[in-house]
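Enquirer: Sequence and predicted model, in that order:
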Amino acid sequence: MKAIRYRLGGVLIALGLLCSSCSINRLATRAVADALTGSGSQAVFTGDSDPQLVGDAIPFAIKMYEALLGEAPDHQGLILTTGSLFVMYANAFIQGPAEFLPSIRYQERQTARDRAKKLYIRGVDILSEGLERRYPGIGGASAEDGTLAPYLAKVKKNDVPLLYWSAAGTLSAFSLDPFDYSLGRRVPDCMAYIDRAYELDPGFNSGALDDLYVLAYASLPVPMGGDPSLAPLHFQRSLERSGGKLSGPYVSYAQAVAIPAQDFNTFRSCLQKALEIDVDADPDNRLVNIISQRKARELLNRAGDYFFLTEDGELDTGAYEEDYYEEDYEAYEVYEEYDSYE
């Protein structure tokens with residue numbers, strides 16, 4: 001009996017140590033997660049000056065964050081960081097470069113677009129899980145049938161990043177495959193997310209919501225929430241909220257508004273202003289500006305792909321119908337008016 005008691009005592013001690021070890025591991029995991037997702041953690045990537053270094057590092061970082069998330073699935077910082085990194089990586093390092101591949105490399109471009117779409121969705125799934133944990137049932141609600149509104153009424157200002165990245169990732173995936181019915185059904189929800197985020201924190205991330213509005217209003221069909229007439233207003237607000245330190249709003253407006261409107265003057269002016277931005281003026285967004293300026297240069301170099309130009313690079317007005325410029329879309333005039341704030 002004494003031997004049995006000793007053995008039982010040993011088992012209980014071992015179990016106690018094991019449970020203690022598990023608790024310590026959980027505490028250690030959360031401590032690491034807190035450190036890696038704290039204030040300024042994303043600036044490690046967005047503030048760098050070497051896009052290739054960051055592009056090579058992000059996949060490893062994503063897998064590390066995923067591993068930590070597996071140990072602490074309810075850690076909101078990990079959820080936001082992991083999900084948003086998927087979206088950022090897909091946009092800046094997969095979809096972005098693929099846009100400028102020559103037509104002869106169509107298959108390579110399509111492969112990259114397909115990969116980017118999958119990465120967007122992976123990020124959105126993680127972010128959606130974060131929202132679901134905070135507001136159980138929100139994932140099954142819909143803007144179209146009115147069931148989403150009560151959930152959005154409960155969200156707080158600190159939920160804005162989750163709303164923003166969820167909407168940005170979903171809309172980006174949809175832009176790559178507008179025939180994906182499941183993504184199309186989620187577009188009205190995305191617009192509701194953006195609207196609610198804008199109510200709570202209109203200046204979020206130096207005008208990021210206004211920039212997203214520009215892309216959404218200019219690109220989406222009207223039945224899905226598009227409204228080109230509102231794009232210039234949000235373009236002006238994005239410039240004001242960024243303090244004129246970000247190239248992105250100029251590039252977004254040139255691509256989403258000026259090209260469809262066939263407004264070459266606005267297209268060129270916006271991209272030139274994007275290139276004039278001092279990338280060191282906003283250290284936390286240095287990489288963002290560098291990547292945006294690369295895109296601006298590519299768009300300028302390929303202007304002939306989007307407009308009829310003369311040999312000296314000016315607009316060939318003779319190639320357009322005379323009444324083309326009489327359309328009710330005054331992108332350039334609005335741009336000139338708002339640009340005076342500088």
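Expert: Noted; the coordinates are in hand.

Enquirer: Could I get the buried residue list for stretch 260-273?
Expert: 261-264, 266-271, 273 (16 or more other Cβ atoms under 10 Å). (C-beta placed from N, C-alpha, C; glycine too.)

Enquirer: With stretch 68-87 instead?
Expert: The neighbour-count check on stretch 68-87 (16+ other Cβ under 10 Å) flags 68-69, 72, 75-87 as buried.

Enquirer: Can you tell me how far residue 72 is from residue 65?
Expert: With distances taken as Cβ to Cβ, to the nearest Å, residue 72 is found 10 Å from residue 65.

Enquirer: what residues are shared contacts of those two?
Expert: residue 78 (Cβ atoms under 8 Å, 6 or more residues apart in numbering).

Enquirer: In this protein, where is pLDDT below threshold?
Expert: Low-confidence segments of the chain, defined by pLDDT under 70: 1-42, 321-342.

Enquirer: Any idea how far apart the tips of stretch 235-254 sit?
Expert: Start and end residues of stretch 235-254 are separated by 10 Å (Cα to Cα, to the nearest Å).

Enquirer: gap between the two ends of stretch 241-261?
Expert: Stretch 241-261 has an end-to-end distance of 25 Å (criterion: Cα to Cα).

Enquirer: What of stretch 307-317?
Expert: Termini of stretch 307-317 sit 10 Å apart (Cα to Cα).

Enquirer: in it, what counts as buried?
Expert: Within stretch 307-317, the residues that count as buried by 16+ other Cβ under 10 Å are 307, 315.

Enquirer: just how off-centre is that stretch within its chain?
Expert: 33 Å (Cα atoms, centre = their mean, to the nearest Å).

Enquirer: Which ones among the buried residues of stretch 260-273 lie within strands?
Expert: Of the buried residues of stretch 260-273, none are assigned to strands by DSSP state E.

Enquirer: Export those as TSV, with columns for distance to residue 136.
Expert: TSV is the format used below for the buried residues of stretch 260-273 (distance: Cβ to Cβ, whole Å):
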residue	distance to residue 136
261	44
262	48
263	47
264	51
266	46
267	46
268	50
269	48
270	43
271	45
273	46
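
Enquirer: Among the residues you listed, pick out the one closest to residue 145, please.
Expert: residue 261 (34.5 Å; Cβ to Cβ).

Enquirer: how about the buried residues of stretch 68-87, which pair is most distant?
Expert: Across these, the longest distance by Cβ to Cβ is 20.7 Å; it joins 72 and 87.

Enquirer: Can you give me the buried ones in stretch 280-294?
Expert: Those buried within stretch 280-294 under the rule 16+ other Cβ under 10 Å are 282, 285-294.

Enquirer: ugh, typo on my part, it should be stretch 169-181
Expert: Within stretch 169-181, judged by 16+ other Cβ under 10 Å, the buried ones are 169-176.

Enquirer: what's around the nearest residue to residue 267 once chain neighbours are set aside, how many residues?
Expert: Take residue 267 and drop its neighbours on the chain: the residue closest to it by Cβ to Cβ, 6 or more residues apart in numbering is residue 258, 3.9 Å away. Residue 258 has 25 neighbours, counted by other Cβ atoms under 10 Å.

Enquirer: Residue 207 now?
Expert: Neighbour number of residue 207 under other Cβ under 10 Å is 25.

Enquirer: tell me what the helix or strand encompassing it is packed against?
Expert: Applying DSSP states H and E as the criterion places residue 207 in helix 204-219. Counting contacts by 3 or more Cβ pairs under 8 Å, 6 or more residues apart in numbering; DSSP states H and E, helix 204-219 packs against helix 160-176, helix 187-200, helix 231-241, helix 248-253.

Enquirer: The second one: which residues count as buried?
Expert: When you say that, I think you mean helix 187-200. Buried, per 16+ other Cβ under 10 Å, within helix 187-200: 187-198, 200.

Enquirer: Which one of these is nearest to residue 127?
Expert: The closest of the buried residues of helix 187-200, once distances to residue 127 are taken by Cβ to Cβ, is residue 193, at 10.2 Å.

Enquirer: OK, contacts around the closest one?
Expert: By Cβ under 8 Å, 6+ apart, residue 193 lies in contact with 152, 163-164, 166-167.

Enquirer: Check the residues you listed and tell me the two furthest apart.
Expert: 152 and 164 (13.3 Å).

Enquirer: Which residue is the nearest non-sequential neighbour of residue 138?
Expert: In space, residue 138 is closest to residue 151, 4.2 Å off (Cβ to Cβ, 6+ apart).

Enquirer: Please identify which helix or strand holds that neighbour.
Expert: Using DSSP H and E, residue 151 falls in helix 149-152.

Enquirer: That helix: how far from the chain's middle?
Expert: 23 Å.

Enquirer: Kindly export it (C-alpha atoms) in CSV.
Expert: Once non-C-alpha atoms are left out, helix 149-152 reads as follows in CSV (Å, rounded to 0.1, in the frame of the first residue of the first chain):
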residue,chain,number,x,y,z
ALA,A,149,-26.8,46.6,-38.9
PRO,A,150,-27.6,45.6,-35.3
TYR,A,151,-24.1,43.9,-35.0
LEU,A,152,-22.3,46.9,-36.5
